[in-house]
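Enquirer: I would like the atomic coordinates for the input below:
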Amino acid sequence: MSGGGEQDAAKKGASRAGRDLRAAIAVGVGLGAVILFALFTVRQTFVGIVAIAVAVAMYELTGALKRGAGVRVAMAPVLLGGQAVVWLAWPYGRDGVLTAFAVTVLVCLIWRLKDGADGYLRDVTASVFTVVYVAVFGSFAVMLVVPEDGVFRVLCFLIGVVLSDTGGYAAGVFFGKHPMAPAISPKKSWEGFAGSMAAGMVGGVLTVGLMLDGQWWHGVLFGAALVVTATTGDLVESLIKRDLGIKDMGTLLPGHGGLMDRLDSLLPSAVVSWLLLQAFVPA
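Expert: Now for the predicted structure:
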């Protein structure tokens, strides 16, 4: 998650969100190791990792919607449809994703009929939103790994988001003074965003250039775009949690909250990564 922080976070040894920083780092390193092992052994297993992450994140989001606003997401169709969206992305690409998504929406419309008219539109809308926000966005990470150079495409995407997060955290902690979106995420600062942008663009130039033989300006645009989408994804999830009156989507990951709290910047960034790399470095 990109953005700022406060200097007192550094003094306390905690993260900018007041979390256990050591636990957060340990969890992040552990997740990264699992992903790297999958990518550099049998890259198809990355699809399974995305599928598991999508299932857990969708479960957390549906639970948060019910706890915070009493929204009844069509759990079974959403979870099963989300898996279809992810798994069909490898062999069939966008056609598979679109087909699975359309069928899932249709099933959600029918599934919710049994509970009557009260809250029908609200619940169906939330069900569709959950599928799009988690599964459809996540399917772009799968499509990144499909080409022969897919491992490097995924690495460009992941490294870009990590650098955005790290650069934003460091700059925000030491220099953050001007709140970026105080009504949504008070600890984010424009200084932190600048740090994210600097780290992201440098990382983009290096990763896209060295791993995919892209032009330097491809890397600049790629890195900058990922910073924007990662920061926006973080702010969007913060706004959703504020609307629901909750702090975290879940409690699965020490120092992070739920898995959905870790994916907020990755999901929209996967979409933009796929689009830009398709344009800059055609498979």
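Enquirer: Below-threshold pLDDT in this protein: ranges please.
Expert: 1-21, 254-256 (pLDDT under 70).
Enquirer: what's near enough to touch Gly209?
Expert: Taking CB atoms under 8 Å, 6 or more residues apart in numbering, we find Gly209 in contact with 215-216, 218-219. Every C-beta, even on glycine, is put in place using the N, C-alpha and C of the backbone.
Enquirer: Out of those residues, which sit inside helices?
Expert: Among the contacts of Gly209, the members falling in helices (DSSP state H) are 216, 218-219.
Enquirer: Of the residues you listed, keep whichever come out buried.
Expert: Among these, those classed as buried by 16 or more other CB atoms under 10 Å are 218-219.
Enquirer: Now flag whichever of the ones in helices among the contacts of Gly209 is closest to Val132.
Expert: Closest to Val132 out of the ones in helices among the contacts of Gly209 is His218 (27.9 Å), distances taken as CB to CB.
Enquirer: wait, doesn't that closest one sit right on Ala225?
Expert: No: applying CB atoms under 8 Å, one finds His218 not in contact with Ala225, separated by 10.6 Å.
Enquirer: does the closest residue to Leu39 other than its chain neighbours belong to a helix or a strand, and which?
Expert: If the residues on either side of it in the chain are set aside, Leu39 comes closest to Val151, at 4.8 Å by CB to CB, 6 or more residues apart in numbering. Using DSSP states H and E, the element containing Val151 is helix 150-175.
Enquirer: Please spell out which residues along that helix are buried.
Expert: The neighbour-count check on helix 150-175 (16+ other CB under 10 Å) flags 150-173, 175 as buried.
Enquirer: Show me what it is packed against.
Expert: Applying 3 or more CB pairs under 8 Å, 6 or more residues apart in numbering; DSSP states H and E, we find helix 150-175 packed against helix 7-12, helix 21-40, helix 137-145, strand 185-189, helix 190-212, helix 216-244, helix 266-280.
Enquirer: try 7 Å this time
Expert: helix 7-12, helix 21-40, helix 137-145, helix 190-212, helix 216-244, helix 266-280 (3 or more CB pairs under 7 Å, 6 or more residues apart in numbering; DSSP states H and E).
Enquirer: Just name the most buried of those helices.
Expert: helix 137-145 (a mean of 26; mean count of other CB atoms under 10 Å).
Enquirer: Torsion angles phi and psi at the closest residue to Asp213 other than its chain neighbours?
Expert: Leaving aside its sequence neighbours, Asp213 sits nearest to Val281 (CB to CB, 6+ apart; 7.2 Å). Here is the backbone geometry of Val281 (degrees, to the nearest 10): phi -130, psi 80.
Enquirer: separation between Val281 and Leu144?
Expert: Applying CB to CB, to the nearest Å, the value for Val281 to Leu144 is 11 Å.
Enquirer: Equivalent analysis for Glu191, please.
Expert: In terms of CB to CB, Glu191 sits 31 Å off from Leu144.
Enquirer: Then Gly96?
Expert: 15 Å.
Enquirer: can you check Arg262 too?
Expert: Taking CB to CB, one finds Arg262 at 18 Å from Leu144.
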